[in-house]
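Participant: Next come a sequence and a model predicted from it.
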Amino acid sequence: MRISIFGMGYVGAVCAACLADAGHDVTGVDVSALKVDLINRGRSPIVEPGLATLMSQQVDAGRLRATSDTDAAVRDTDLTMICVGTPSMRNGDLDLQFVEAVCNSIGRALKDKPTRHTVVVRSTVLPGTVRSVVIPALERSSGKCAGRDFGVAVNPEFLRESTAIQDYLEPPMTVIGEYDEASGEPLAALYANLPAPLVRRPIEVAEMVKYSCNAWHAAKITFANEIGALAKAAGVDGRAVMDIVCLDRKLNLSPYYLRPGFAFGGSCLPKDLRAMTYRAGQLDVTLPMISSILPSNKAQVEKAVELVTSFGKRRIGLLGLSFKAETDDLRESPLVMLAETLIGKGYELSIYDRNVEYARVHGANRDYINAKIPHVSSLLKSDLDEVLATSEVMVLGNRDQQFAEVLSRLNGSHHAVDLVGFMSQISDDRSQGICW
C-alpha cells in the first residue's frame, strides 16, 4: 500500500518505519526541515530503541522517505495518516490547530485527485472531533464529500515510548473507527497480519477508547502511589503490598502501572486527563476520581522535593530528566518539574541523562530543550562519574539500567532518594524511597 504520514514525531516516525518494514511504500510529511533531512539521511528524528536502525534500513531499501510537499505526498499515495500533536491549551482543552491545518492541506491536495483516498486520524482527539473538525475541514478545502469521495477513519495507537516498535508489532488490539465500511477496509487490510483482535466500530467509539485507556493507566499509577504513600507512613513497604495485590490477575488486571513510584508524565496522560475533565465540565458531568488524578500526581512531585531537601544538603545529583528511560521526551516530565523546583529553592543541581544530552546536540528535540528549558538543560553533565563526585544527594529519577549500580557506588558522605525502585531495602537514614 502507498501511505503518507503527516507528523514525524513519536507516533508518526515509529509508524512510518514499521509500515515500511512490513513492505509498504511510506512517505513521511513534516513542516520541520530538520526532521525531513534526518529521515532522508536514514537517521531517526527521535530517541527510541531500535528506531534508528529500522529507519536506516527502510530508507536504504527505498520504502521510506520524507518530504514537506503536502500535495505530492497525498497525490502519490492511497492512504494518509494524521499523526500531528494535539497539545493542551491553558484551560485544558485540546489545541487542534495542527490537526485542522493538516486537514486543510490534505483537503486542498484531494481537490484535484481523481481516485478515492482514505484519511486516517491517529492523533489523540476527543469524541466528536473528527465529525466536528476533521471532516468539515477536509470537505471545505477539497470541495468533496466524506464517504462518497474519500474515506475517513480513526485508528488510535497504543504505543509506549521506549517500547514503541514492539508495541506496534504486538498490539493489545487494533481499533478502527470507520465513517463507513469502505473507509475501514484499507486499514483492516493493513493490519490483517498483526497478532491482535481487530475491532471495527463507529468513529466516536474509537476516539473514546484512547482516552479511556489513558485515563485507566493514569488511575492505576495514582492508585499505586497513594497506597505506597499510606503504606510507608504506616511503616510498611508499599512495593510488597502492591506485589501481592498484583497476584490477582483475574480482577486487578495488568501489573504494569501498579507499581508505587514517582509521578507520571509524557505527552499523553496529563494532556488527556485535562481534556477529559474539561469536556466533562462542558457537559455538566462530575468525574471526582479523574479530576483528582493530576493533583495527586503533582503531590507526588512535591513529596519527592520533601525527600530531597530533608537531608539538609545543598548539592544534588539528578539521574534522569526525561519522563521515562530510553527516550528523550521531556514533555511534562515530572523530573523537569522536580529540577525546576530545586533550582528555584537555590539548590546546586547537576543532571545526567545520556538520551537528553544526545538530543540536545543531535536530535530534533534540541530546539525544545534549548528554548523551553534552558535553565535546566544548562545543568546537564555528560559524565555520570562527575555528577557522583560533586553531589551530596543522588536522586534516581528514571529506570535507566545505567543507574541500577549507582546505589552500590555511593560512599558514606552520600544520601540517596530512589524514585524508581532500585533499592532492595526500605528507607533508612541515608537512603529514602518515595513509597518504600
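Facilitator: Right, received. Where do you want to start?
Participant: Would you tell me which helix is longest in this structure?
Facilitator: As assigned by DSSP state H, the longest helix anywhere in the chain is helix 203-233.
Participant: for that helix, packing partners?
Facilitator: strand 150-154, strand 174-178, helix 238-245, helix 269-282, helix 288-309 (3 or more C-beta pairs under 8 Å, 6 or more residues apart in numbering; DSSP states H and E). (C-beta placed from N, C-alpha, C; glycine too.)
Participant: Output the third one as PDB, nothing but the C-alphas.
Facilitator: Read it as helix 238-245. Extracted C-alpha coordinates of helix 238-245, given in PDB (Å, rounded to 0.1, in the frame of the first residue of the first chain):
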ATOM      1  CA  GLY A 238       4.400  -0.300  49.600                       C
ATOM      2  CA  ARG A 239       6.100  -2.400  47.000                       C
ATOM      3  CA  ALA A 240       5.500  -5.600  49.000                       C
ATOM      4  CA  VAL A 241       1.800  -4.600  49.300                       C
ATOM      5  CA  MET A 242       1.300  -4.000  45.600                       C
ATOM      6  CA  ASP A 243       3.300  -7.100  44.700                       C
ATOM      7  CA  ILE A 244       0.600  -9.100  46.500                       C
ATOM      8  CA  VAL A 245      -2.300  -7.100  45.100                       C
END
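Participant: and the angle from it to helix 203-233?
Facilitator: 130 degrees (axes from the mean of the first three to the mean of the last three C-alpha atoms, to 10 degrees).
Participant: next one: the longest one
Facilitator: Relative orientation of helix 288-309 with respect to helix 203-233: 40 degrees, computed using the same axes, to 10 degrees.
Participant: How about the fourth one?
Facilitator: Orientation check (the same axes, to 10 degrees): helix 269-282 against helix 203-233 gives 110 degrees.
Participant: helices and strands around helix 269-282, which ones?
Facilitator: Taking 3+ C-beta pairs under 8 Å, 6+ apart as the contact cut, helix 269-282 packs with helix 203-233, helix 288-309.
Participant: Give the next helix or strand downstream of the helix or strand of the chain with the lowest mean pLDDT.
Facilitator: Lowest on mean pLDDT, DSSP states H and E among the helices and strands of the chain sits helix 366-372, with a mean of 79. Downstream of helix 366-372, the next assigned helix or strand under DSSP states H and E is helix 374-377.
Participant: what's that next one in contact with?
Facilitator: Applying C-beta atoms under 8 Å, 6 or more residues apart in numbering, the contact partners of helix 374-377 are 321, 336, 339, 340, 343, 351, 356, 360, 369, 370.
Participant: Please tell me how far the first one sits from residue 383.
Facilitator: Between residue 321 and residue 383 the distance, using C-beta to C-beta, to the nearest Å, works out to 15 Å.
Participant: Give me the more crowded residue out of the two.
Facilitator: residue 321 (26 against 11; other C-beta atoms under 10 Å).
Participant: Phi first, then psi, for the residue nearest to that one when sequence neighbours are not counted.
Facilitator: Sequence neighbours aside, residue 353 is the residue nearest to residue 321 in space, at 4.1 Å (criterion: C-beta to C-beta, 6 or more residues apart in numbering). Note on residue 353: backbone dihedrals following degrees, to the nearest 10 are phi -150, psi 110.
Participant: I figured residue 353 hits residue 320, correct?
Facilitator: Yes - Residue 353 is in contact with residue 320 according to C-beta atoms under 8 Å; the separation is 5.4 Å.
Participant: who touches both of these two?
Facilitator: 398, 400.
Participant: Now do the least confident helix or strand of the chain: distance to the chain's middle.
Facilitator: A distance of 18 Å separates the centroid of the chain from that of helix 366-372, by C-alpha atoms, centre = their mean, to the nearest Å.
Participant: Check which residues of it are buried.
Facilitator: Within helix 366-372, the residues scored as buried using 16 or more other C-beta atoms under 10 Å are 366, 368, 369.
Participant: Check stretch 69-78 too.
Facilitator: Buried residues in stretch 69-78, counted by 16+ other C-beta under 10 Å: 70, 71, 73, 74, 77, 78.
Participant: Quick check, residue 360 in contact with residue 369.
Facilitator: Yes - in this structure, residue 360 is within contact of residue 369 by C-beta under 8 Å, at 4.9 Å.
Participant: just to revisit the earlier point, for the least confident helix or strand of the chain, packing partners?
Facilitator: helix 354-361.
Participant: What average pLDDT does the helix it packs on get?
Facilitator: Averaging pLDDT along helix 354-361 yields 82.
Participant: ok, residues contacting it?
Facilitator: Taking C-beta under 8 Å, 6+ apart as the rule, helix 354-361 contacts 47, 321-322, 326-328, 330, 365-366, 369-370, 377, 380-382, 400, 402.
Participant: next one: stretch 126-139
Facilitator: 82, 94, 96, 99-100, 103-104, 106-107, 110, 119, 121, 125, 144-146, 150, 152, 154, 177, 179, 203-204, 207-208, 211, 275-276, 279.
Participant: give me the number of residues near the nearest residue to residue 366 once chain neighbours are set aside?
Facilitator: Residue nearest to residue 366 in three dimensions, not counting chain neighbours: residue 360, with 5.4 Å by C-beta to C-beta, 6+ apart. By other C-beta under 10 Å, the residues close to residue 360 number 19.
Participant: Kindly provide the distance from residue 360 to residue 348.
Facilitator: Remark: distance between residue 360 and residue 348 (C-beta to C-beta) = 20 Å.
Participant: repeat for residue 165
Facilitator: 39 Å.
Participant: quick one: which of those two has more around it?
Facilitator: The neighbour comparison of residue 165 against residue 348 (other C-beta under 10 Å) goes to residue 165, with 19 against 15.
Participant: Can you list the buried residues in the one helix or strand that one maps to?
Facilitator: Using DSSP H and E, residue 165 falls within helix 164-169. Neighbour-count burial for helix 164-169, with 16+ other C-beta under 10 Å as criterion, is recorded at 164, 165, 167, 168.
Participant: quick one: contacts for the second one?
Facilitator: Residue 165 makes contact with 14, 17, 18, 48, 49, 50, 51, 54, according to C-beta under 8 Å, 6+ apart.
Participant: Same check on the third one?
Facilitator: Under the criterion of C-beta under 8 Å, 6+ apart, the contact partners of residue 167 comprise 158, 159, 160.
Participant: can I see the domain layout of the protein?
Facilitator: Using automatic domain parsing, the domains assigned to the chain come out as 2-196, 216-433.
Participant: on that earlier part again, I'd like the distance between the residue nearest to residue 321 and residue 369.
Facilitator: According to C-beta to C-beta, residue 353 and residue 369 sit 11 Å apart.
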